[in-house]
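S.K.: compute the structure for the input listed below.
(one chain, ligands or ions: 2)
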Amino acid sequence: MGERIPEVVLNSGEKIPMLGLGTASSPVPHQDLLISSFISAIETGCRHFDTGALYGSEAPLGKAIAQALQQGRVKTRDELFITSKLWCTNAHHDRVLPALKQSLQNLELDYIDLYLIHWPVSSKPVEYKFPFDKEDLLPMDFKAVWEAMEECQRLGLVKSIGVSNFSCKKLSQLMVNAKIPPAVNQVELNPAWQQRQLRDFCKENGILVSAWSPLGACGASWGSLAVMDSPILKEIAAAKGKSTAQVSLRWIYQQGVSVIVKSFNKERMKENLGIFDWELSEEELQQISQIPQQRGFSGELFISPTGPYKTVQELWDEDS
Ligand SMILES: NC(=O)C1=CN([C@@H]2O[C@H](COP(=O)(O)OP(=O)(O)OC[C@H]3O[C@@H](n4cnc5c(N)ncnc54)[C@H](OP(=O)(O)O)[C@@H]3O)[C@@H](O)[C@H]2O)C=CC1
Ligand SMILES: O=C[C@H](O)[C@@H](O)[C@@H](O)[C@H](O)C(=O)O
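M.R.: Ligands and ions are numbered 1, 2, ... in the order given. Got it, this is the predicted structure:
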């Protein structure tokens, strides 16, 4: 068992580990590699796993969980925190529950801990394909989709519900009719994209912000080295005898944001867990606040002349 990972209590009353293993990778590796990576993550002490209908990692994660329980690496399923996400094609009132049941079947689980609306956009309920055809993009009926998400929680199939890639404005629109507030908003967040306005808004509304691409997705086609090559982060890392990745992950955690970091390498998994027994000083935090800000994932994928968002400004609402 590695470093004890701190937990916080969500507005649902459920606890969430403040660091989780991201499982998205493109292309999707062989299922056996994914299963062994997830077993390794459990061995290093990771208990929070982030997947989604989009990722192709639900089934191997389910197999890794079953193996870990059978091998006694975790005593009960309740020790784990499993997040999955509703994809755009199923972001329609009557398709939410069937989509969740499909994810539960893939994961071989009776419930998941957190279910997120993946993007604030629906698409025609055609057979799943990715990349999707932009003419299939549709406005999301926040009220109807969120009512269906709330029903999933009331049925006990999910412990907490939330969103991903929602701006302050879109969160406000969703919360107008919400009977259950979103517990989490999972967004791109790292020292090169600090999302201060969104963090302040979510804190005021009791919503936990969770950071995706905390290392700038340095391995993804659309990712960047803005984090891993940051002179400020590298200088702080050298002075503290930590890695640049650890400084980035620690900075995120020290903002009260949970971290979803992907690594399929056991040594780097261990490295990423080593962020809870030291801290960044006020001076170091001040230095990091000076890092030039640039969103990594533009969201162009969801922009269409016939879609709900015709510009990235309409998607992100100028959050910074
Ligand atoms: N809600 C959403 O829309 C989105 C959610 N996500 C979630 O967030 C997760 C993490 O974000 P992701 O975009 O994957 O990118 P990350 O910022 O987590 O970076 C992952 C990359 O960093 C490498 N890496 C990991 N640890 C280290 C380290 N200590 N030192 C150097 N390199 C390291 C990994 O390589 P290696 O594996 O070889 O270690 C991988 O190539 C995703 O897997 C997914 O679960 C991601 C994007 C969007
Ligand atoms: O949607 C497809 C795009 O790759 C982008 O959405 C992904 O980064 C996805 O959000 C994820 O969760 O990894």
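S.K.: go through stretch 50-66 and flag the buried ones.
M.R.: Within stretch 50-66, the residues scored as buried using 16 or more other C-beta atoms under 10 Å are 50-65. Where you see a C-beta, it was placed from the backbone N, CA and C, and this is true even at glycine.
S.K.: residues touching the closest residue to I180 other than its chain neighbours, list them.
M.R.: Closest residue to I180 in three dimensions, ignoring its sequence neighbours and counting by C-beta to C-beta, 6 or more residues apart in numbering: E150, at 4.8 Å. For E150, the contacting residues are I161, A178, K179, I180, by C-beta atoms under 8 Å, 6 or more residues apart in numbering.
S.K.: do that again at 10 Å, thanks
M.R.: With contacts defined as C-beta atoms under 10 Å, 6 or more residues apart in numbering, E150 is in contact with V96, V158, I161, N177, A178, K179, I180.
S.K.: now do V209
M.R.: Applying C-beta under 10 Å, 6+ apart to V209 gives the contacts 184-187, 189, 195, 198-203, 252, 255-258.
S.K.: give me that answer again for 7 Å
M.R.: For V209, the contact set (C-beta atoms under 7 Å, 6 or more residues apart in numbering) comprises N185, V187, L189, L198, R199, C202, V257.
S.K.: of the residues you listed, which belong to strands?
M.R.: N185, V187 (DSSP state E).
S.K.: in PyMOL, how would I select the buried members of the contacts of V209?
M.R.: Only the buried entries of these go into this PyMOL selection, using 16+ other C-beta under 10 Å:
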select buried, resi 185+187+189+198+199+202+257
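S.K.: would TSV of the contacts of V209 with pLDDT be doable?
M.R.: As requested, these are exported to TSV (pLDDT from 0 to 100):
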residue	pLDDT
N185	98
V187	98
L189	98
L198	98
R199	98
C202	98
V257	98
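S.K.: tell me the residue in this protein that is farthest from the middle.
M.R.: A239 (29.9 Å; C-alpha atoms, centre = their mean).
S.K.: distance of that residue from ligand 2?
M.R.: The gap separating A239 from ligand 2 is 33 Å, by C-beta to the nearest ligand atom, to the nearest Å.
S.K.: rewinding a little: of the buried residues of stretch 50-66, closest to A41?
M.R.: Nearest to A41 out of the buried residues of stretch 50-66 is A64 (C-beta to C-beta; 8.3 Å).
S.K.: what's the burial count for F130?
M.R.: When neighbours are defined as other C-beta atoms under 10 Å, F130 has 11 of them.
S.K.: following the longest helix along the chain, which helix or strand comes up?
M.R.: Across the chain, the helix with the greatest residue count (assigned by DSSP state H) is helix 93-107. Later in the chain than helix 93-107, the nearest helix or strand by DSSP states H and E is strand 112-117.
S.K.: what does that following strand rub up against?
M.R.: With C-beta under 7 Å, 6+ apart, strand 112-117 has contacts from 14, 81-86, 91, 100, 103-104, 145, 149, 152, 158-164, 183-184, 186.
S.K.: next, the angle from it to helix 93-107.
M.R.: 140 degrees (axes from the mean of the first three to the mean of the last three C-alpha atoms, to 10 degrees).
S.K.: with adjacent residues omitted, what lies nearest to the residue of the chain found nearest ligand 2?
M.R.: Distances between the chain and ligand 2 by C-beta to the nearest ligand atom are smallest at A24, namely 4.0 Å. Counting by C-beta to C-beta, 6+ apart, A24 lies nearest to Y55, which is 4.7 Å off, once chain neighbours are set aside.
S.K.: can you classify the one you found as helix, strand or coil?
M.R.: coil (DSSP: H, G, I helix; E, B strand; the rest coil).
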